[in-house]
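J.: Just the structure for this:
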Amino acid sequence: MTYNFKETMNKKERLAPGHRMCAGCGGTIAVRNVLRGLHEEDQAVICNATCCLEVSTFMYPYTAWEDSFIHTAFACAGATLSGVESAYKVLKKKGKVDENYKFIAFGGDGGTYDIGFQSLSGAMERNHDLVYVCYDNGAYMNTGIQRSSATPMFADTTTTPVGSQSNGKPQNRKDLASIIADHDVPYVAQTTFIKNFKDLHTKAEKAIYTPGAAFLNVMAPCPRGWRYPAEKIMDVCKAAVETCYWPLFEVVEGEWILNYEPKKKLPVEEFLAMQGRFKHLFKPENEYLIEEFQKEVDRRWEALLKRCK
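T.: Residues are numbered from 1 along each chain as shown. Next comes the predicted model:
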């Protein structure tokens with residue numbers, strides 16, 4: 001699969017400007033660049049679980065989506081799109097539909113890791129020919145920055161507030177990409193926004209055009225929830241990759257492939273220090289918490305290297 005940056009960026013926008021997402025939102029960056037993986041002659045059906053993205057891009061009767069769009073509840077994006085994809089195959093077989101459609105679901109981590117996990121798991125296990133994209137911003141941002149199972153350890157959220165009795169969320173984040181890979185689906189990938197977006201663009205195209213079920217986990221930082229200046233989003237993503245907090249990998253037909261290994265793995269505090277949700281970790285009495293965070297990042301990184309090598 002060849003990659004031409006200029007050609008990819010010159011594709012028509014399938015998410016129109018004028019929506020009501022926050023300035024610097026990682027979710028819309030994820031959507032626009034995933035949809036660039038579509039070939040221009042193909043149409044798409046987009047299914048969107050309730051989330052920031054849905055409530056801000058589809059305000060009836062107005063929509064920012066250029067393709068067919070279905071809003072469904074938090075819990076059932078996987079099931080909804082499974083049904084649409086199955087109906088399309090029947091109509092195509094009967095000759096009632098001529099156009100080529102691709103099926104893409106978008107959901108935040110709340111509607112993917114947690115509330116929608118059951119229907120996502122079912123769609124993956126049944127191997128429907130669709131792509132599920134999680135734009136992972138690490139909390140329930142739409143409803144007030146509550147912790148989700150994607151929230152990293154020690155993050156300050158409204159339901160794990162930092163104070164005299166708490167150092168933030170006590171649990172590690174769920175490794176959802178690994179869990180979906182264990183469903184034995186054709187394609188799984190983890191990515192984010194780095195350099196010229198090649199990693200995201202190529203993985204999106206692979207996911208869309210791999211027959212069967214595919215899953216993309218895209219780290220999509222949220223300026224409000226993570227508390228960093230909106231214009232620093234690319235710096236935050238780069239730090240996540242260079243510290244190995246957010247490794248770039250894919251699983252193709254069960255084969256684990258590491259897409260990027262830093263020449264010099266940076267300490268995780270370079271990622272944490274950029275975000276207000278972790279500012280309490282840098283108090284002198286909390287240095288041991290950063291050590292614990294680093295140990296978890298190292299453990300997962302070493303486990304990934306073993307899988308890939």
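
J.: so who does residue 133 touch?
T.: The contact partners of residue 133, taken as C-beta atoms under 8 Å, 6 or more residues apart in numbering, are 30, 31, 34, 104, 105, 106, 107, 207, 215, 216, 218. For glycine as for every other residue, the C-beta is placed from the backbone atoms N, C-alpha and C.

J.: Run through the helices of the stretch 101-250 of the chain in chain order.
T.: In the stretch 101-250 of the chain, the segments counted as helices under DSSP state H, counting those that start in this stretch are 109, 117-126, 176-181, 198-209, 223-226, 233-242.

J.: what's the most buried one of the ones you listed?
T.: Mean neighbours per residue, mean count of other C-beta atoms under 10 Å, is largest over the helices of the stretch 101-250 of the chain for helix 109, with a mean of 28.

J.: who does that helix touch, helix- and strand-wise?
T.: strand 131-136 (3 or more C-beta pairs under 8 Å, 6 or more residues apart in numbering; DSSP states H and E).

J.: mind running it again at 6 Å?
T.: Counting contacts by 3 or more C-beta pairs under 6 Å, 6 or more residues apart in numbering; DSSP states H and E, helix 109 is packed against no other helix or strand.

J.: Mind naming the longest helix for this structure?
T.: Longest helix in the chain, counting residues (DSSP state H): helix 287-308.

J.: can you pull the buried residues of that helix?
T.: For helix 287-308, the neighbour count (16 or more other C-beta atoms under 10 Å) marks 289, 290, 293, 294, 297, 300, 301, 304, 308 as buried.

J.: Residue 201: which of those residues is nearest?
T.: residue 308 (21.5 Å; C-beta to C-beta).

J.: pretty sure that closest one is touching residue 252, no?
T.: No: the pair residue 308 / residue 252 is not scored as a contact, 11.5 Å apart, by C-beta atoms under 6 Å.

J.: Can you tell me the closest non-neighbouring residue to residue 300?
T.: Using C-beta to C-beta, 6 or more residues apart in numbering and skipping residues adjacent in sequence, the residue nearest residue 300 is residue 175, 7.0 Å away.

J.: Please report how far the one you found lies from residue 154.
T.: The gap separating residue 175 from residue 154 is 17 Å, by C-beta to C-beta, to the nearest Å.

J.: Compare the two (neighbour count), which wins?
T.: residue 154 (24 against 17; other C-beta atoms under 10 Å).

J.: Any idea how far stretch 71-83 is from the middle of the chain?
T.: 17 Å (C-alpha atoms, centre = their mean, to the nearest Å).

J.: and if you look at stretch 194-205?
T.: Worked out by C-alpha atoms, centre = their mean, stretch 194-205 lies 13 Å from the chain centre.

J.: what does stretch 105-119 give?
T.: 10 Å.

J.: what's the answer for stretch 167-184, then?
T.: From the chain centre to the centre of stretch 167-184 is a distance of 13 Å (C-alpha atoms, centre = their mean).

J.: Pull the contacting residues for residue 244.
T.: The contact partners of residue 244, by C-beta atoms under 6 Å, 6 or more residues apart in numbering, come to 265, 297, 301.

J.: can you give me phi and psi for it?
T.: Per-residue torsions, residue 244: phi 70, psi 20 (degrees, to the nearest 10).

J.: before we move on, what about residue 68?
T.: Taking degrees, to the nearest 10, you get phi -60, psi 140 for the backbone angles of residue 68.

J.: Mind listing the residues bridging to it?
T.: residue 45 (DSSP bridges).

J.: any idea how far residue 102 is from it?
T.: From residue 68 to residue 102 the distance is 11 Å (C-beta to C-beta).

J.: do the same with residue 45
T.: As judged by C-beta to C-beta, residue 45 and residue 102 stand 8 Å apart.

J.: ok, now residue 27?
T.: Per C-beta to C-beta, residue 27 is found 20 Å from residue 102.

J.: And those two? Which one has more around it.
T.: residue 27 (26 against 22).

J.: Tell me who's in contact with that one.
T.: The contact partners of residue 27, by C-beta under 6 Å, 6+ apart, come to 53, 135, 220.

J.: Could you find the closest non-adjacent residue to residue 211?
T.: residue 129 (6.0 Å).

J.: And for residue 254?
T.: residue 184 (6.5 Å).

J.: Ok, residue 235 next?
T.: residue 274 (6.8 Å).
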